[in-house]
Structure formats: structure tokens, C-alpha cells
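In: model this:
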Amino acid sequence: MSDHGCPGKAVSVSEYLRRIPKVELHAHLNGCIRHETLMDLAHERGATLSNRHFSAEPLHENLASPPNNGEHHSMYNIMPRSLQNCFDMFAEIPACVNDLSALRRITQEALEDFAAHHVAYLELRSTPKRLLRSHQDDQSQKVDKQVYIETVLEGIRDFQSKEKERFSHDPVLSSSRLPIVCNFIVAIDRSQSLEEATDTVHIAIDMFQRQQSRPSNLSPSIVGIDLGGNPTKNDFRTFQTLFQKARQAGLKVTIHCGEIP
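Out: Residues are numbered from 1 along each chain as shown. Got it, this is the predicted structure:
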């Protein structure tokens with residue numbers, strides 16, 4: 001496969017796939033955290049991560065390279081992992097991302113990583129939580145879930161502003177990829193109570209309706225509501241009226257389903 005702009009120069013399939021423009025519509029913010037960042041946050045906040053799911057170094061023995069190509073050692077993850085293992089891992093992350101500083105960092109780094117893989121349009125999703133402003137604050141000083149959403153949106157906005165600046169001054173960058181555009185999906189964790197979900201949906205609808213006064217092409221925006229979390233917990237029908245209400249307010253709806261029999 002020849003290198004774009006350099007006839008005759010071969011590139012690997014993985015490098016070709018990295019370079020082509022992409023759309024990513026299913027990106028869980030907590031699932032995008034870099035390994036080293038998770039270790040840093042755990043250390044800074046005194047959180048203990050389970051050795052069963054996490055280690056100080058990436059477990060490269062669980063990863064396989066493509067045949068006859070040692071270029072990308074971590075292309076395929078071949079370690080068997082159950083769905084419950086995945087939810088157990090996700091359950092440990094909030095102890096590391098328990099304040100706005102950590103939230104800003106993982107948002108920034110997720111955007112950097114998607115941009116590096118030439119994602120042109122991205123929809124991040126996350127369940128809003130009540131976080132501390134700083135990990136050094138008292139537990140009684142948590143902010144509400146709206147501040148969580150605003151912090152993610154501010155992080156996206158800041159990154160896109162810097163993207164615009166970089167592209168205006170770097171013709172090489174502008175010829176190699178498209179600037180990333182990102183919006184946000186507010187997620188409901190089905191393992192939480194109906195009361196928590198109701199609060200989340202009301203906040204999302206209020207913020208969505210207030211953003212309607214802005215130009216329609218102005219990013220980032222709240223674009224939808226998601227139902228996710230452990231599928232063995234609760235029942236979709238518990239939250240059905242909330243999703244109907246969100247849809248009537250103009251929000252799009254996306255639902256995790258079919259993950260278990």
C-alpha cells in the first residue's frame with residue numbers, strides 16, 4: 001500500500017487505517033482513559049486498584065501482534081474477559097476520577113488520542129456524577145451533575161479552540177487530517193435508581209433546551225441520552241418514560257441492548 005503523497009513508499013495496513021478519516025459514535029469517556037493516566041490518578045488519590053484487573057504495567061503477554069508484523073504489538077487483545085469482568089473494571093474507575101481536575105484530564109487526553117487516530121467526528125458519552133472540585137477537598141464539597149457535564153463540554157470546547165488555532169497555522173497538519181468535532185451523550189447507568197436517572201434526564205433536557213438558542217453548527221452540544229451499565233441490573237421498562245420524555249424534548253436516544261440473553 002503506497003503512502004499518500006509519497007508514491008512508492010509502502011505503509012502498513014494499521015498505519016493506513018490510522019490515517020483515514022473516521023467517525024466514532026460509541027466512546028465511553030471512562031473507557032478511553034490511558035493506562036498510565038489511570039495509574040497516576042490512582043496514586044494521587046490514594047485509590048487501590050484490583051490486581052485482578054489492573055497492573056502498574058500493561059500486560060503485554062495478553063496481547064498479540066498481527067502475523068509476520070511486529071510493528072504494533074498491541075493490535076489484538078486475546079485475553080478472554082467476561083462481560084462481568086468489564087463491569088467490575090469500570091466500577092473501580094470512579095475512585096480515580098473523583099474530582100473535576102481528573103475529569104478535565106481524561107477528557108483532554110481522550111480527544112488527543114482520537115485526533116491522533118484521525119477521528120473527524122466523535123460522540124463521547126458518560127454518566128454525570130457528583131464530583132469534588134479537587135481531590136484534596138472534603139467529601140461534603142461535591143458539585144452537582146450539571147457541573148460534571150459542563151466540565152466535559154468545556155474540555156471539548158477548549159480542545160476544539162486549540163485545534164482551530166493549530167490548523168490555521170500548520171498547513172502540514174491541515175493537509176494530513178480533518179479537525180475533530182465532538183459532541184456529548186448523557187448516559188444513564190441502569191444500575192442506579194430511578195430517582196438518580198430522573199435527575200440526570202431533567203438536567204440533560206434543561207441544558208439541551210438552553211443550547212437551542214445557539215447556532216445549530218456550534219459544537220460541542222448535548223445530542224442525546226443513553227442507557228448503559230450492567231445489563232443484569234434493573235429493567236429498561238423502569239426508565240422507559242424518562243426516555244420518552246427526553247425524545248419529546250428533542251434529544252436523540254441510544255440504548256445498550258442485546259448484551260445478554
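In: Outside of the helix or strand hosting residue 240 itself, list whatever touches it.
Out: Per DSSP states H and E: residue 240 is located in helix 236-248. Helix 236-248 has contacts (CB atoms under 8 Å, 6 or more residues apart in numbering) with 188, 190, 194, 197-198, 201, 204-205, 225, 227, 253, 255, 257. (Glycine included, C-beta is placed from N, CA and C.)
In: just stretch 222-231 next, same as before
Out: With contacts defined as CB under 8 Å, 6+ apart, stretch 222-231 is touched by 28, 83, 87, 123, 125, 127, 149, 153, 183-192, 201, 204, 207-208, 211, 236, 239, 242-243, 246, 251-257, 259-260.
In: Weed out the non-buried ones from these.
Out: Buried members of the contacts of stretch 222-231, scored by 16 or more other CB atoms under 10 Å, are 28, 123, 125, 127, 149, 153, 183-192, 201, 204, 207-208, 239, 242-243, 246, 251, 254.
In: Which of the contacts of helix 236-248 sits closest to residue 97?
Out: Minimum distance to residue 97 across the contacts of helix 236-248 is 18.1 Å, recorded for residue 188 (CB to CB).
In: With adjacent residues omitted, what lies nearest to that closest one?
Out: residue 197 (4.7 Å; CB to CB, 6 or more residues apart in numbering).
In: try residue 121
Out: Nearest residue to residue 121, sequence neighbours excluded (CB to CB, 6+ apart): residue 23, at 4.7 Å.
In: Now that neighbour: which helix or strand?
Out: strand 22-28.
In: Please enumerate the helices of the stretch 1-150 of the chain.
Out: For the stretch 1-150 of the chain, applying DSSP state H, counting those that start in this stretch gives helices covering 13-19, 35-45, 83-92, 100-116, 145-169.
In: and among the ones you listed, the most buried is which?
Out: Counting by mean count of other CB atoms under 10 Å, helix 100-116 has the highest mean neighbour count of these, with a mean of 19.
In: average model confidence for it?
Out: Throughout helix 100-116, pLDDT has a mean value of 97.
In: Put the alpha carbons of that helix into PDB.
Out: Presented in PDB, the C-alpha positions along helix 100-116 are these (Å, rounded to 0.1, in the frame of the first residue of the first chain):
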ATOM      1  CA  LEU A 100     -13.100  17.900  38.200                       C
ATOM      2  CA  SER A 101      -9.300  18.000  37.700                       C
ATOM      3  CA  ALA A 102      -9.200  14.300  36.800                       C
ATOM      4  CA  LEU A 103     -12.300  14.700  34.600                       C
ATOM      5  CA  ARG A 104     -10.700  17.500  32.700                       C
ATOM      6  CA  ARG A 105      -7.500  15.500  32.200                       C
ATOM      7  CA  ILE A 106      -9.300  12.300  30.800                       C
ATOM      8  CA  THR A 107     -11.400  14.500  28.500                       C
ATOM      9  CA  GLN A 108      -8.400  16.300  27.100                       C
ATOM     10  CA  GLU A 109      -6.400  13.100  26.600                       C
ATOM     11  CA  ALA A 110      -9.300  11.200  25.000                       C
ATOM     12  CA  LEU A 111      -9.600  14.000  22.400                       C
ATOM     13  CA  GLU A 112      -5.900  14.000  21.800                       C
ATOM     14  CA  ASP A 113      -6.000  10.200  21.200                       C
ATOM     15  CA  PHE A 114      -8.900  10.300  18.900                       C
ATOM     16  CA  ALA A 115      -7.400  13.200  16.900                       C
ATOM     17  CA  ALA A 116      -4.200  11.200  16.600                       C
END
